[in-house]
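Student: Predicted model follows, preceded by the sequence.
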Amino acid sequence: MGLTLWLVPSSSDSERLKRIMNVRPNPQLNSETSYPKFEPHITLASLPDPVPSLDTLLSSIPHAQSALPVTFDAIEVGDHYFRSVYIAVHPSPALLELHRHVHDKLGIPPKTPKYPHISLCYVNDEDAAAGERDKYFQELEKSGKIRKDGSSVSLNCGESGEEDWLSRFESTEIWLARCEGPVEI
């Protein structure tokens, strides 16, 4: 896949989201490619080969980019490895404008399916055919990790019966991430 630009939550909100990402409906599942560990993120752009110059990459990020509010709309089960189960993020005007700006400056067409979203897990096709993506979603529901709040959704990121609801975060960083080889961080 090469290089990608990611919009990421703060380290504290990342740690909260990772508690949800660590849920395992079937702890005995022995798969090398399902449920790898990765940083929570919204993919802004996947960069083509050859990779643009560093100056071009840096110019694609607005200089005066302020923190962006990221609000969760729903939790959805997808049909692709990188969108196995994900948070559908509210496509705010600011997020859509950043996406447009990045792609315009890079001179590439948008190839970010389901933009904006934050994947909670990656499950390979074989395990998905056995229902693993649905099982992950159902485990979140069964364990009380999902709460619908009108037109949005919250995730209980608490540990050991504690409540720690997260329905949004402010994103203050854009990362350049190398996405080659196994996903596991």
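Tutor: Nice, I can see it.
Student: If we go by neighbour counts, what in the lowest-mean-pLDDT helix or strand in the chain is buried?
Tutor: The helix or strand of the chain with the lowest confidence, counting by mean pLDDT, DSSP states H and E, is helix 54-59 at a mean of 86. Going by neighbour count (16 or more other CB atoms under 10 Å), the buried part of helix 54-59 is residue 57. Every residue, glycine included, has its C-beta placed from N, CA and C.
Student: what comes into contact with it?
Tutor: Helix 54-59 has contacts (CB atoms under 8 Å, 6 or more residues apart in numbering) with 3, 5, 47, 51, 105-106, 176.
Student: so which of the residues you listed is the most crowded?
Tutor: Using other CB atoms under 10 Å as the neighbour criterion, residue 5 leads the contacts of helix 54-59 with 24 neighbours.
Student: give me the element the residue nearest the centre of the chain is part of.
Tutor: Most central in the chain under CA atoms, centre = their mean is residue 118, positioned 2.1 Å from the mean C-alpha point. Using DSSP states H and E, residue 118 falls within strand 117-121.
Student: what about that strand, distance to the chain center?
Tutor: In terms of CA atoms, centre = their mean, to the nearest Å, the gap separating the centre of strand 117-121 from the centre of its chain is 4 Å.
Student: Now the element after it, going C-ward?
Tutor: Downstream of strand 117-121, the first helix or strand assigned by DSSP H and E is helix 125-129.
Student: on that earlier part again, got the CA coordinates for the least confident helix or strand of the chain in PDB?
Tutor: Only the C-alpha atoms of helix 54-59 are listed here, as PDB (Å, rounded to 0.1, in the frame of the first residue of the first chain):
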ATOM      1  CA  LEU A  54       8.400  15.600   1.000                       C
ATOM      2  CA  ASP A  55       7.700  19.200   0.000                       C
ATOM      3  CA  THR A  56       4.500  18.100  -1.800                       C
ATOM      4  CA  LEU A  57       3.400  16.000   1.100                       C
ATOM      5  CA  LEU A  58       3.900  18.800   3.600                       C
ATOM      6  CA  SER A  59       2.100  21.300   1.300                       C
END
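Student: Next secondary structure after that helix?
Tutor: Remark: after helix 54-59, the chain's next helix or strand is strand 68-80, criterion DSSP H and E.
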